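Visitor: next come a sequence and a model predicted from it.
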Amino acid sequence: MSMTISALAKAGGVGVETVRYYQRRGLLATPERGEGIRRYGAADARRLAFIRSAQGAGFTLEQIGELLHLDAGQDRARARELAAERIAALDVKIAELQAARGALERLARQCHASEDGPCPIIAAFEG
């Protein structure tokens, strides 16, 4: 499997500039030019997919770089530590979102309960 940077970007669901940015950050290798053009392989596509998946899980690019480095060194303890940190951060975010949802549900019930006066939803966001 050999592809251009644009094909790699398309396969990874990103733009060409994103691939170049990941290269500048050291997350993706920059292959040598062969016949005037850089060619990327299946390993590059897998790495790009890993980066995108890790971002989807909320890891920062710095953490992703560390995970990639850990994978090469097989430091599972640190990888588990990074995952636990991310899980804890997600738990905090989930609690915040659940609290916001609960508050909005209460306001929606109040708004539905009466047609008199200002809408509690609008009033809550004005103040």
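Guide: Structure received.

Visitor: confirm that residue 66 sits in a helix.
Guide: Yes - under DSSP: H, G, I helix; E, B strand; the rest coil, residue 66 sits within a helix.

Visitor: how many neighbours does it have?
Guide: Residue neighbour count, defined by other C-beta atoms under 10 Å, stands at 16 for residue 66. C-beta coordinates here come from the backbone N, C-alpha and C atoms, glycine included.

Visitor: what's the spacing between the helix or strand of the chain with the lowest mean pLDDT and its chain's center?
Guide: Scoring the helices and strands of the chain by mean pLDDT, DSSP states H and E places strand 33-34 at the bottom, with a mean of 78. A distance of 31 Å separates the C-alpha centroid of strand 33-34 from that of its chain, computed with C-alpha atoms, centre = their mean, to the nearest Å.

Visitor: any idea how far residue 68 lies from residue 91?
Guide: 25 Å (C-beta to C-beta, to the nearest Å).

Visitor: residues touching residue 12, list them.
Guide: Residue 12 is in contact with 19, 45, 48-49, 51-52, counting by C-beta atoms under 8 Å, 6 or more residues apart in numbering.

Visitor: between residue 68 and residue 91, tell me which one has more neighbours.
Guide: Residue environment comparison for residue 68 versus residue 91 gives the larger neighbour count to residue 68, 16 against 10, counting by other C-beta under 10 Å.

Visitor: confidence score at the most centrally placed residue in the chain?
Guide: Nearest residue to the geometric centre of the chain (C-alpha atoms, centre = their mean): residue 55, 2.4 Å. Per-residue confidence at residue 55 stands at 95 (pLDDT).

Visitor: so how far is residue 3 from it?
Guide: With the distance defined as C-beta to C-beta, residue 55 ends up 21 Å from residue 3.

Visitor: again with residue 11
Guide: According to C-beta to C-beta, residue 11 stands 7 Å off from residue 3.

Visitor: which residues are common contacts for the two?
Guide: Going by C-beta under 8 Å, 6+ apart, residues that sit against residue 11 and also against residue 3 are residue 45.
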